[in-house]
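[1] Fold the following for me, if possible:
(2 chains)
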Amino acid sequence: MSKVRVLVGTRKGAFILTSDGKREKWDISGPHFAGWEIYHMKGSPADTNRIYASQTSGWFGQVVQRSNDGGQTWEPVDNKFAYAHNPGTHQWYDGTPHPWEFKRVWHLEPSLNDPDHVYAGIEDAAIFETKDGGKSWSELPGLREHGTGPKWQPGAGGMCLHTIIVDPRDPNRIYIAISAAGAFRTDDGGNTWKPINRGLYSKYIPDPTAEVGHCVHHIAMHPSRPNTLFMQKHWDVMRTDNAGDQWTKVSGNLPTDFGFVIDVHAHEPETIYVVPIKSDSEHFPLDGKLQVFRSRTGGNEWEPLTKGLPQSDCYVNVLRDAMAVDKLDSCGVYFGTTGGQVYASANAGDTWAPIVRDLPAVLSVEVQTLA
Amino acid sequence: MNSHRIRVELPQHLRTLAGVRGEVSLEVAAPITLRSVLDALEARYPTLRGTIRDHDTLKRRDFLRFFACEEDISHKSPDEPLPEEVTSAKEPLLIIGAIAGG
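    This is a model prediction of the structure:
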């Protein structure tokens, strides 16, 4: 019988939630790495027992953990992320040059067919990879050095590379997103990169249609349509159907199009999910009502999904890497909140129930569908 | 080469990361300095590399302090000899996480 394993990173440790295919009763394991911030955990598609975790602390810096047994035991692997060459400067918040400095790993993306090959998105923004299961990390410097790097500025959460998507049909094509530089694509395995931000409009930056400088919060792709991407920008929900060469706004009837998460149904490539947040100055849902919005038309036409979610006095946020879907026949959708709840829907969002209510603030949610 | 048994006390999170309980006891070759003790500590417990001091610059992480004989030695040269009480293992070298937050 199928199982699901939900990997939850929080401000104070990691938690692993497991259930059978019904997704009604859950076992909770954790906290793992108690007291540390777990920015992200993700399992290898090629070996579901292989899981990587980014463990960070303001006191002790970065640790990367690896499990070979589905999260029961862990071993620290290499935690040295040294920029290639002299990293130079990017722009600081006030526009002055500021040296590139490693701060933490935001996102770990195992490759699709090799559990030892993993990409890491870091702050200050750069992409690294390991090909030996984490024993060593090396930068793919072509991203930072392609030309626009000195113009990049941090968003409020830091200058983080938070999204990495590998094209399942062509592993040499990789999409990444940086807050607040924008989206970028490589077609040659990471040697050369180009900005893919045409069509984005960000009224809060000096040139609203600039090549870089957009605060992209998250990007999602359905594996059957690798040229179609969906983006939750700071404000605006966007889509592209030509691998990022041109984006179109699909916010449609959303009550607010500010937000962080976005994801795609596992079996319906035009069904997408967002969690609208009131504004960039008020990081909580509109009117105290936690609502997931679903579009079955690839955007523009959205419906609120509220059954089982709090509809009064709810003022949590849902951070950019804190939504995921499983691959069971009836697609499961999961998201975690800064209030420590992890909500699950076993019916593609029609109804919701909390798996847990009182974890530390949730930073990330990933799901593994197990045979 | 002359070596000394040195006692080191780690903060809780680093004890967990290194997989140790209580104090760490290290054999350190003379001269006994903060640098030589940390070198020996990281050689014995490689998972601590980068968590106490920067990988490349070896600069102390901002929110950690080093104490010897109730004295904060965080800003002294890492190549100064440590006090005799530490080199004779009467006192441990303390690595302490700053109390930060509110």
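
[2] For chain B, which residues score under the pLDDT cut-off?
    Along chain B, the model assigns pLDDT under 70 to residues B:1, B:100-102.

[3] rerun at 80
    Of all residues in chain B, those with pLDDT under 80 make up the ranges B:1, B:99-102.

[4] Close to chain A: what parts of it are there?
    Chain B has residues B:11-14, B:17, B:47, B:49-52, B:55-56, B:61, B:63-64, B:97-98, B:100 near chain A, with proximity defined as C-beta under 8 Å from any C-beta of the partner chain. C-beta here means a position set from N, CA and C on the backbone, and glycine is covered the same way.

[5] Just the ones of those residues in strands?
    Residues of those located in strands (DSSP state E): B:Leu64, B:Gly97.

[6] Now which of the residues of chain B next to chain A would you call buried?
    Among the residues of chain B next to chain A, those buried by neighbour count (16 or more other C-beta atoms under 10 Å in any protein chain shown) are B:11, B:13-14, B:17, B:47, B:49-52, B:55, B:61, B:64, B:97.

[7] who's in contact with A:Gly189?
    Residues counted as contacts of A:Gly189 (C-beta atoms under 8 Å, 6 or more residues apart in numbering or on different chains) are A:Pro171, A:Asn172, A:Ile174.

[8] For my notes, confirm it occurs in a helix.
    No - under DSSP: H, G, I helix; E, B strand; the rest coil, A:Gly189 sits outside any helix and is assigned coil.

[9] Look up how far B:Ala30 lies from it.
    Between A:Gly189 and B:Ala30 the distance is 50 Å, computed by C-beta to C-beta, to the nearest Å.

[10] again, but for A:Gly35
    With the distance defined as C-beta to C-beta, A:Gly35 ends up 36 Å from B:Ala30.

[11] Looking at the two, which has the bigger crowd around it?
    A:Gly35 (15 against 12; other C-beta atoms under 10 Å in any protein chain shown).

[12] got any ranges where chain A has weak pLDDT?
    Segments of chain A classed as low confidence (criterion: pLDDT under 80) are A:1.

[13] Would you mind listing what in it touches chain B?
    Taking C-beta under 8 Å from any C-beta as the criterion, the contact residues of chain A with chain B come out as A:35-36, A:57-63, A:76, A:79-80, A:82.

[14] Just those: which are in strands?
    A:Ser57, A:Gly61, A:Gln62, A:Val63, A:Pro76.

[15] Looking at the stretch 151-300 of chain A, which residue is nearest chain B?
    Scanning the stretch 151-300 of chain A for the residue nearest chain B gives A:Gly158, at 16.1 Å (criterion: C-beta to the nearest C-beta).

[16] so what's A:Asp207 closest to, chain neighbours aside?
    Here the nearest residue to A:Asp207 in space, its sequence neighbours aside, is A:Gly213; by C-beta to C-beta, 6 or more residues apart in numbering or on different chains that works out to 7.5 Å.

[17] I should have written A:His222 there, sorry.
    Nearest-residue entry for A:His222: A:Pro269, 3.8 Å, with adjacent residues in sequence omitted and distances by C-beta to C-beta, 6+ apart.

[18] burial count for that neighbour?
    For A:Pro269, the number of neighbouring residues by other C-beta under 10 Å comes to 16.

[19] Quick check: longest helix in chain B by residues?
    For chain B, the helix that runs over the most residues, judged by DSSP state H, is helix B:34-44.

[20] For it, name the packing helices and strands.
    Contact here means 3 or more C-beta pairs under 8 Å, 6 or more residues apart in numbering or on different chains; DSSP states H and E; on that basis helix B:34-44 packs against strand B:3-9, strand B:24-29.

[21] would you turn the ones you listed into a markdown table with mean neighbour count and distance to A:His146?
    Formatted as a markdown table, these follow (neighbours: other C-beta atoms under 10 Å in any protein chain shown; distance: least, C-beta to C-beta, whole Å):
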| stretch | mean neighbour count | distance to A:His146 |
| --- | --- | --- |
| strand B:3-9 | 17 | 45 |
| strand B:24-29 | 17 | 45 |
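
[22] Distance to A:Pro154 for these - can I get that in a markdown table?
    Written out in a markdown table, the entries for the helices and strands packed on helix B:34-44 read as follows (distance: least, C-beta to C-beta, whole Å):
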| stretch | distance to A:Pro154 |
| --- | --- |
| strand B:3-9 | 36 |
| strand B:24-29 | 38 |
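
[23] pretty sure A:Tyr93 contacts A:Gln153?
    Yes - A:Tyr93 is in contact with A:Gln153 according to C-beta atoms under 8 Å; the separation is 6.7 Å.

[24] Pick out whichever of those two has more residues nearby.
    A side-by-side neighbour count of A:Tyr93 and A:Gln153, using other C-beta under 10 Å, places A:Gln153 first with 20 against 11.

[25] All the helices of the stretch 151-300 of chain A, residue numbers only.
    For the stretch 151-300 of chain A, applying DSSP state H, counting those that start in this stretch gives no helices.

[26] need the strands for it, in chain order.
    If DSSP state E, counting those that start in this stretch is used as the criterion, the strands of the stretch 151-300 of chain A fall at A:160-166, A:174-179, A:182-186, A:194-195, A:216-221, A:229-233, A:237-240, A:248-249, A:262-264, A:272-274, A:292-295.

[27] Redo these as CSV? Include mean neighbour count.
    Formatted as CSV, the strands of the stretch 151-300 of chain A follow (neighbours: other C-beta atoms under 10 Å in any protein chain shown):
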stretch, mean neighbour count
strand A:160-166, 24
strand A:174-179, 28
strand A:182-186, 23
strand A:194-195, 18
strand A:216-221, 24
strand A:229-233, 28
strand A:237-240, 24
strand A:248-249, 14
strand A:262-264, 24
strand A:272-274, 26
strand A:292-295, 23
